[in-house]
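**Student:** Structure for the following, please:
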Amino acid sequence: MSNLRVITPAKINFGLFILNKREDGYHNIETILIPINLFDELSFSPLKEKKIIIKVVGKRIKKKDNLVYKAAKLFLDTFNIKKGVRIILKKNIPIGYGLGGGSSDAGATLYFLNELFGKVAQKKELYKLAENIGMDVPFFIDPKPSFASGRGEILEKIKIPKLYFLLYFPKTAISTKWAYNYTKLTKHDFSLKILIPLLKKKQYKKVFKYLKNDFQNLICEHYKEIKEVINKMEELNLTPILTGTGSGIYLWVRDREEQKKVKDLLKEKGIEVLAVESFLGRRLMGRTQDFGSCCGGSNPPAPAIF
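**Tutor:** Numbers count the residues shown, from 1 in each chain. As a prediction, the model looks like this:
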């Protein structure tokens, strides 16, 4: 078994509807999940002794809150792996902005431990384990554009054109738990599935008509800074949308040319944003090779090799 070095992407919720609260305490949702080229990096090395060693670079994460540790322990215990693993996690995806960084790390951990230990699990088993960690985690077993429903674990892969975004990160981070505890249910007379054929046909003006995040009003109501930034963007005839249940904001633009134009315009107004785009590549960077650091908002430093 050789070492693995991988990247795993952030995601954007391209629209997010909260449909109802379930008897199990979760909510039924609809959303379109899009991976973007903002990455965390993970390195996996097998150990002879059954133990889990995790080093986190770039962010302090308590062991009890570390989804990588939870995913690794669940995998090793479920499939009775007698060996252990050393994991180095480099955090580039900011936490608390609705980008799914922790879920992405956990999904990548399940997927690549399975690679590391000889594919002892079928993909459907990995999805089942992922559900036990968090509702965004199944998406990151195979992070490709998807329509998500149920609690977020029912995934339908979709094909859409490459999309371009600008991300804004407020000073305030918001927890998913808080957002769901205070959310107000909104009646919807259409499904977000309506966006998929419109995107395929590049009928972007119609997409904007239906593109909504049910958490946006709630978060603007409680967080003045976020509301003020959204207002400033709207004054420039832009359409800011929350990235998920966090405080991050994205602007969807048509192409790289518009991306640069809008980024420069916002900079003049004192608003710094990060340019990203949908990521449709694979995640394995190499075995033992050092490709250097993979930063947010840029393409991966090396192509996938599997």
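**Student:** Low-confidence regions, the stretch 151-300 of the chain specifically.
**Tutor:** Within the stretch 151-300 of the chain, the ranges that satisfy pLDDT under 70 run 282, 286-300.
**Student:** Please repeat the previous calculation with a cut-off of 80.
**Tutor:** 173, 175-179, 181-186, 281-300 (pLDDT under 80).
**Student:** can you give me the strands in it?
**Tutor:** Counting by DSSP state E, counting those that start in this stretch, the stretch 151-300 of the chain has strands at residues 154-157, 164-168, 240-242, 249-253, 274-277, 284-286.
**Student:** Go through those strands and name the closest to L76.
**Tutor:** Proximity to L76, assessed across the strands of the stretch 151-300 of the chain by Cβ to Cβ, is greatest for strand 284-286 (20.4 Å). Where C-beta positions appear, they are placed from N, C-alpha and C, glycine not excepted.
**Student:** So the nearest residue in space to F79 that is not next to it in sequence versus S43, what's the distance?
**Tutor:** Spatially, and ignoring its direct neighbours in sequence, F79 is nearest to V120 (4.8 Å; Cβ to Cβ, 6 or more residues apart in numbering). V120 sits 20 Å away from S43, going by Cβ to Cβ, to the nearest Å.
**Student:** L116 too?
**Tutor:** 11 Å.
**Student:** Could you do I34 as well?
**Tutor:** 26 Å.
**Student:** next one: Y223
**Tutor:** On the measure of Cβ to Cβ, Y223 and S43 end up 36 Å apart.
**Student:** Check K64 too.
**Tutor:** K64 is 22 Å from S43, by Cβ to Cβ.
**Student:** how is this protein carved up into domains?
**Tutor:** In terms of domains, the chain is parsed into 4-158, 164-277 (source: automatic domain parsing).
**Student:** JSON lines for those, including distance to R283?
**Tutor:** Below are those laid out as JSON lines (distance: least, Cβ to Cβ, whole Å):
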{"stretch": "domain 4-158", "distance to R283": "5"}
{"stretch": "domain 164-277", "distance to R283": "16"}
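**Student:** Of the ones you listed, which is nearest M285?
**Tutor:** Of the domains of the chain, nearest to M285 by Cβ to Cβ is domain 4-158, at 4.9 Å.
**Student:** now do the same end-to-end measure for that closest one.
**Tutor:** 28 Å (Cα to Cα, to the nearest Å).
**Student:** And stretch 62-70, by the same measure?
**Tutor:** The first-to-last residue distance of stretch 62-70 comes to 12 Å (Cα to Cα).
**Student:** Contacts made by that stretch with the rest, please.
**Tutor:** Under the criterion Cβ atoms under 8 Å, 6 or more residues apart in numbering, residues 42, 52, 54, 56, 87, 89, 102-103, 105-106, 109, 133-134, 137 lie in contact with stretch 62-70.
**Student:** Run the chain-centre distance for it.
**Tutor:** Computed by Cα atoms, centre = their mean, to the nearest Å, the separation of stretch 62-70 from the middle of its chain amounts to 17 Å.
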